[in-house]
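J.: Build me a model from this:
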Amino acid sequence: MSANIRLIYDNAADRATLAASPALVTTLPVGNLQDPSRGKPARTTSTADQVITGDFPGIELIGGMAITRHNLSSSAQLRLELFASTGLGGALLFDSALFNAIPAFGWGEFGWGAAGWGGSVFDDWPDRFSTLYFVAVLARSFRLTIKDAANPAGYMQIGRLFLGPYFEPSENMSYGLNCAPVEDSKQTRTDGGTLRTDPSGSYRRWSFSLDALPAEERVVITEIMRKQGRRKDMFLNCFPGVGGVKERDYAGAVKLTKLPDVPHDYYNNWRAALEFEEA
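T.: Residues are numbered from 1 along each chain as shown. Below you'll find the model as predicted:
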């Protein structure tokens, strides 16, 4: 079932003390899950089941999880557990049970004769991600289990872990959502007329407007701007639960590229035009 746009905006995983069992590659440790740099993933040494645990320094509100820039295969499974005390102690507050890390092809998205059986919409996609949303709980520790014995790379790799509350407006974004690929490649034309390109990587840019924000949601938006601003990455999902290429194309790790005005345009209503770029 689809939902309104969701934004995991306060990453409690960055404040946690993390551990991994079995130990990860020495030069690509578990702490890299807290580093937004694309060149610093965390990587396992094999395809054996991997467990990531974390203790929060205080009580954290957790209602969403996302792992991004990973190499998990279409047969991979994840399980998230949240606990009331540090060290995985106290009451078990939430248990997702095992779920598929990568959604299968949606209706009409399977390329007959071209896509392999068991593939997904992330085949040949550079930035795979997995998400989970649930009724938020107040937790002190977590355990994330990753199973991907059939990973063809011979190891599992994750670029970023997001754990925290998510913002979902009561009224969805207005029509006019834009998601555009951006490329900084430079082009020059030679004397002979050939158009030469100095290639660079590409990324995505999202823009949309929230035009029906009641007072309590205006507070959340302004707090996101104050605490996260353009400095910190978040996880954006424009079509959570839709699945397929639509959800894939409109979701990812992002940063705000400008802090929007939030005008009070009529009684008990505010609006904000938001712009993000892929982080």
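J.: all contacts plus neighbour counts: C-alpha atoms, from now on.
T.: Noted.
J.: for this protein, which spans come out with low pLDDT?
T.: 1-2, 104-119 (pLDDT under 70).
J.: For it, which segments count as helices?
T.: Defined through DSSP state H, the helices belonging to the chain, from first to last, are 215-227, 244-249.
J.: For the last one, C-alpha coordinates in PDB please.
T.: Only the C-alpha atoms of helix 244-249 are listed here, as PDB (Å, rounded to 0.1, in the frame of the first residue of the first chain):
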ATOM      1  CA  GLY A 244       8.900  -1.200  -8.900                       C
ATOM      2  CA  VAL A 245      10.800   1.400 -10.900                       C
ATOM      3  CA  LYS A 246       8.600   4.200  -9.700                       C
ATOM      4  CA  GLU A 247       9.700   3.900  -6.100                       C
ATOM      5  CA  ARG A 248      13.200   3.200  -7.200                       C
ATOM      6  CA  ASP A 249      13.500   6.300  -9.400                       C
END
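J.: Out of the helices of the chain, which one sits most buried?
T.: Among the helices of the chain, the stretch with the highest mean neighbour count (mean count of other Cα atoms under 10 Å) is helix 244-249, at a mean of 17.
J.: related to what we said a few turns ago, for Asn269, find the nearest of the helices of the chain.
T.: With Cα to Cα as the measure, helix 215-227 is the member of those nearest Asn269 (6.7 Å).
J.: Tell me how many other residues crowd Gly229.
T.: The criterion is other Cα atoms under 10 Å. On that basis, Gly229 has 16 neighbouring residues.
J.: Surely it touches Val254?
T.: No: using Cα atoms under 8 Å, Gly229 and Val254 do not qualify as a contacting pair, with a distance of 11.4 Å.
J.: thinking again about what came up before, quick one: the helices of the chain as CSV, columns for distance to Arg160 too.
T.: As requested, the helices of the chain are arranged in CSV below (distance: least, Cα to Cα, whole Å):
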stretch, distance to Arg160
helix 215-227, 19
helix 244-249, 17
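J.: Of the ones you listed, which is nearest Asp184?
T.: Closest to Asp184 of the helices of the chain, according to Cα to Cα: helix 244-249, at 19.6 Å.
J.: Enumerate the beta-bridge partners assigned to Phe99.
T.: Following DSSP bridges, Phe99 is listed with bridge partners Leu78.
J.: Verify the contact between it and Leu80 for me.
T.: No: checked against Cα under 8 Å, the pair Phe99 and Leu80 is beyond contact range at 9.3 Å.
J.: Which one's more surrounded, the two?
T.: The residue with more neighbours, out of Phe99 and Leu80, is Leu80; 20 against 13, by other Cα under 10 Å.
J.: Report the separation between that one and Ile146.
T.: In this view, Leu80 and Ile146 are 9 Å apart by Cα to Cα, to the nearest Å.
J.: Tell me what the nearest residue in space to His264 that is not next to it in sequence is bridged to.
T.: Distances taken as Cα to Cα, 6 or more residues apart in numbering put Trp270 closest to His264, at 4.4 Å, once the chain neighbours are dropped. On DSSP bridges, the residues paired with Trp270 through beta bridges are Leu213, His264.
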